Structures are given as C-alpha cells and as structure tokens.
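Participant: give the three-dimensional model of this entry:
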Amino acid sequence: MRKVERLLLAALIAATLALVVVVVLVGLAVNDLTRNAVPPFVQPGPSDRPTARPIPPSLIPPTLLPAE
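Facilitator: Model prediction:
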C-alpha cells in the first residue's frame, strides 16, 4: 500500500509541475505574440501640453534663423 501511495504522490507532483510549465510557456507565447502585433494607427495631432519650452532666439545661431 505504501508503494501505491508514493506512486500517486509522485504522479500528482509531476502533473502539477507539468501544469506549471504549460502555463508559463503559454504566458510567454502570448506575451511574444502581442509584442509583435502592429498597433493601430493613430493620426498624431497637436499636443495639448508641449513637452519642451521654445528655444529663446538669443540661443539660436544666426545661420539657423529664418531669413527676413
């Protein structure tokens, strides 16, 4: 009887480990598939909040200033 219990416990541990491996591999595959997916195209528009202040004209070299 002891031998049967050990075999059942070993089978339960092996099945649990196999389930964990399958879940991890499926999770990695889903993550890889979604990373390579093409995102929907969104037409860029003007920003409500600019990320940078305008450069003061005193810092712009004269060669880069627009011709007057």
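Participant: can you give me the strands in this structure?
Facilitator: Counting by DSSP state E, the chain forms no strands at all.
Participant: now do the helices in it.
Facilitator: 2-35 (DSSP state H).
Participant: quick one: low-confidence parts of it?
Facilitator: For the chain, residues meeting the criterion pLDDT under 70 lie at 34-40, 43-44, 47, 50, 65, 68.
Participant: give the residue farthest from the middle of it.
Facilitator: residue 1 (50.8 Å; CA atoms, centre = their mean).
Participant: residues touching that residue, list them.
Facilitator: Contact partners of residue 1, counting by CB atoms under 8 Å, 6 or more residues apart in numbering, are absent. To be clear about C-beta, it is placed using only N, CA and C from the backbone, and glycine gets the same treatment.
Participant: for the one 10 residues further on, same thing?
Facilitator: With contact set as CB under 8 Å, 6+ apart, residue 11 has no partners.
Participant: gap between the two ends of stretch 52-63?
Facilitator: Using CA to CA, to the nearest Å, the end-to-end distance of stretch 52-63 comes to 22 Å.
Participant: tell me which residues of it come out buried.
Facilitator: When burial is assessed from 16 or more other CB atoms under 10 Å, stretch 52-63 yields no buried residues.
Participant: equivalent analysis for stretch 13-33, please.
Facilitator: Buried, per 16+ other CB under 10 Å, within stretch 13-33: nothing.
Participant: just the CA trace of it, in PDB.
Facilitator: Taking Å, rounded to 0.1, in the frame of the first residue of the first chain, the C-alpha atoms of stretch 13-33 are listed here in PDB:
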ATOM      1  CA  ILE A  13       3.700  16.200  -8.200                       C
ATOM      2  CA  ALA A  14       4.600  15.500 -11.800                       C
ATOM      3  CA  ALA A  15       1.200  16.600 -13.100                       C
ATOM      4  CA  THR A  16       1.400  19.800 -11.000                       C
ATOM      5  CA  LEU A  17       4.900  20.600 -12.400                       C
ATOM      6  CA  ALA A  18       3.700  19.900 -16.000                       C
ATOM      7  CA  LEU A  19       0.700  22.200 -15.500                       C
ATOM      8  CA  VAL A  20       3.000  25.000 -14.200                       C
ATOM      9  CA  VAL A  21       5.400  24.500 -17.200                       C
ATOM     10  CA  VAL A  22       2.500  24.700 -19.600                       C
ATOM     11  CA  VAL A  23       1.000  27.800 -18.000                       C
ATOM     12  CA  VAL A  24       4.500  29.600 -18.100                       C
ATOM     13  CA  LEU A  25       5.100  28.600 -21.800                       C
ATOM     14  CA  VAL A  26       1.600  29.800 -22.900                       C
ATOM     15  CA  GLY A  27       2.100  33.000 -21.000                       C
ATOM     16  CA  LEU A  28       5.500  33.600 -22.700                       C
ATOM     17  CA  ALA A  29       4.000  32.800 -26.100                       C
ATOM     18  CA  VAL A  30       1.100  35.200 -25.600                       C
ATOM     19  CA  ASN A  31       3.400  37.900 -24.500                       C
ATOM     20  CA  ASP A  32       5.600  37.400 -27.600                       C
ATOM     21  CA  LEU A  33       2.700  37.400 -30.000                       C
END
